[in-house]
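> Give me the fold of what follows.
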Amino acid sequence: MTQSHARWSARLDDLPHPVTAHAFIETLLAEALPTDETSRAFHLVWTSYAVLVMTDPELAAQPFIAGPDRLERQLTGVLEQAQKGGALDPLRDAAAEAAHLLSLGHGLGTSVLVGQRGSDTAMEILRAHLGRLFAHPAPSSNPAASRAR
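Below you'll find the predicted structure:
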């Protein structure tokens, strides 16, 4: 986990500052994809442990989900800030979007591990989703703007 966090921090340091919510989330989820041997090994260990937790009651009692829960709360906070700053539609449920983003990242990572798709294709899918998520809402989707007309 420490190595993954260090790699993610290094990626963030390479971004223009201030870092946008879009770039922050893309960087975070890109680091979670198994795109090289180091990230592949991390993903394999995490996935293997997840399977063990599902089958071993003693492991299941340990705080395995504390890390993912913390990450989901962090993403929720980033999305809420993006809403306040106007980069994300305020009508979106930030917590649900955070869960969706993590699920997308995990699913894409697994699909790369099993050879369903390459890491470049996984990144294209991730970027396409983020592009839709952070697309500015159409004027008609903003109730206050619609009432003002």
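
> Against E58, how distant is A96?
Summarising the geometry, the distance separating A96 from E58, computed by CB to CB, to the nearest Å, is 32 Å. The way it works is simple: take the backbone N, C-alpha and C, and place the C-beta from them, glycine included.

> Those two: which has the busier surroundings?
A side-by-side neighbour count of A96 and E58, using other CB atoms under 10 Å, places A96 first with 11 against 8.

> count of residues packed around R127?
Under the neighbour criterion other CB under 10 Å, R127 is assigned a count of 14.

> Actually, G85.
Close neighbours of G85, defined as other CB under 10 Å, add up to 10.

> same deal with K84?
10.

> separation between it and A21?
10 Å.

> same deal with L52?
Distance, L52 to A21, by CB to CB: 34 Å.

> Of those two, which one has the most company?
A21 (21 against 13).

> Could you find the closest non-adjacent residue to L108?
Leaving out its chain neighbours, the residue that sits closest to L108 by CB to CB, 6 or more residues apart in numbering is A122, at 4.2 Å.

> if I read this right, that neighbour contacts L33, doesn't it?
Yes - in this structure A122 lies within contact range of L33 using CB atoms under 8 Å: 5.5 Å.
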